[in-house]
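[1] let's see this in three dimensions:
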Amino acid sequence: MSLLTAYLLVLAISTASSKPFNLTQEDQIAVDNDLLTDDVKDSTSSQERVLGSPIKVDDDTMTRPIRKVESQGGSDRIEFDDFELLQYVVGVHSINISYTDQINSITVTYVTAGGLLFSGPLHGKISGTPINITLGPMQHIRMVEGQTSGQFVNQLTFKTVGPGNNMIQYGPYGKEGSTKFSFEKHVIAFHGRSSDSLDSIGIYGLSPLNQSAAKGGSGGSGFNDGLPLRIPPVVGIHTISIWNGNVIDGLQIEFVTLGGGTLMGAQHGKAFSNNMTKITLQEGDHLVAVEGTVDSNGSIIIITQLSFTVQQSTGKLVKYGPFGMVGNVAYNFTGRIVGFHGFAGSQIDKIGVFSVNN
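    Below is the predicted model of the structure:
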């Protein structure tokens, strides 16, 4: 066990009075009324249970890897990097800043995959108006906007997304500078430079999820497995389970989450047949295409066929399917796909995808 890991485990025990940042079942149901099973794989390692796995930057074995975005502001003073320091963080819990005509200080509290809170170091010196931003259990920072004079950060604005896909703006704090900048990602952690003030700021983040238009009919109830709001965030797909006869009866996805865990999504569709196929993606594999057809079944329009194309870690493309029977109207989705949305009742009525641009 490294000195850093030992420090974090001791810190976790010594800060037991802090409330763990845990999602409740009610939080999940509030997103899309899907009952999600928090099926994070357990381990005999106390380190993994408490902290999750160390997270790497630019790890392209993940469909949705973390990227480091260059800091904006001054280039002097002392460099800081909360992500490199803590290694296990999967999101932001709260931000404390102080400001006058500029941003004087920032301290960020992070959450780990195991639900523990860790407060990062103070960057700058506390002075002026203090501000605390505490995020809700399914809220994350989607955008950071700022202005700089070239020597330090004059102004910051934080924009978050939460249940209902509602965007909330905090700020602007500070005064205008000569140059504007913005970071648009699912923010995981911060880095930059500081001295007596915040001289520069940058982020570590995940690409936002792109939601495609869905194809199919209008029956059933909506689903999306809460993907846009998951904590830890979803970074890939581990398994796809599909039930079919002449149509697509059911679909269930097991997701890979940031920090090395997995999450079993809800079963979509109700008339599950005995004809079930399970597709397992290995580390470094990515789902890159979904194709299918739509047709009418009596008076309703449903998904009649699906196929999945996986790009293996070697670069080889492997197609699974088609499952079901061909219909009259064809559709396809391409990109790095991390999940699905749509409508389902007795079968899969309508389907679309969440994808990322890396």
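
[2] from here on, just use CA atoms for contacts and neighbour counts.
    Will do.

[3] which other residues reach the helix or strand harbouring Ile242?
    Ile242 belongs to strand 234-244 when assigned by DSSP states H and E. Strand 234-244 has contacts (Cα atoms under 8 Å, 6 or more residues apart in numbering) with 62-65, 227, 248-258, 262, 272-282, 286-287, 323-324, 337-339.

[4] any buried residues in that strand, and which?
    234-240, 242-244 (16 or more other Cα atoms under 10 Å).

[5] identify, from these, the entry nearest to His191.
    Nearest to His191 among these is Val235, at 21.6 Å by Cα to Cα.

[6] can you tell me the SS state at the closest residue to that closest one other than its chain neighbours?
    Leaving aside its sequence neighbours, Val235 sits nearest to Arg64 (Cα to Cα, 6 or more residues apart in numbering; 4.6 Å). When classified by DSSP: H, G, I helix; E, B strand; the rest coil, Arg64 comes out as coil.

[7] going forward, the N-terminal residue is numbered 46.
    Understood, numbering begins at 46; the last thing we discussed is Arg109.

[8] quick one: contacts for the spatially most central residue of the chain?
    The chain has Pro278 as the residue nearest its centroid, 2.8 Å off, counting by Cα atoms, centre = their mean. Pro278 is in contact with 135, 272, 302-303, counting by Cα under 8 Å, 6+ apart.

[9] quick one: it and Leu303, what's the gap?
    6 Å (Cα to Cα, to the nearest Å).

[10] helix or strand for Asp340, which one?
    Going by DSSP H and E, Asp340 is in strand 331-342.

[11] quick one: contacts of that strand?
    So strand 331-342 is contacted by 107-108, 260-261, 281-282, 346-358, 367, 371-383 (Cα under 8 Å, 6+ apart).

[12] how about the next helix or strand after that strand: buried residues?
    As assigned by DSSP H and E, the chain's next helix or strand after strand 331-342 is strand 345-356. Buried residues in strand 345-356, counted by 16+ other Cα under 10 Å: 346-356.

[13] for the next helix or strand after strand 345-356, buried residues please.
    Downstream of strand 345-356, the next assigned helix or strand under DSSP H and E is strand 362-369. Residues of strand 362-369 classed as buried by neighbour count (16+ other Cα under 10 Å): 368-369.

[14] what's the span of stretch 159-170, first residue to last?
    The straight-line separation of the ends of stretch 159-170 (Cα to Cα) is 31 Å.

[15] stretch 202-222 now?
    Termini of stretch 202-222 sit 13 Å apart (Cα to Cα).

[16] now the contacts of strand 279-289: which count as buried?
    The buried subset of the contacts of strand 279-289 (16+ other Cα under 10 Å) comprises 107-110, 272, 293-303, 307, 317, 326, 331-332, 368-369, 382-384.

[17] fine by me, we can end here.
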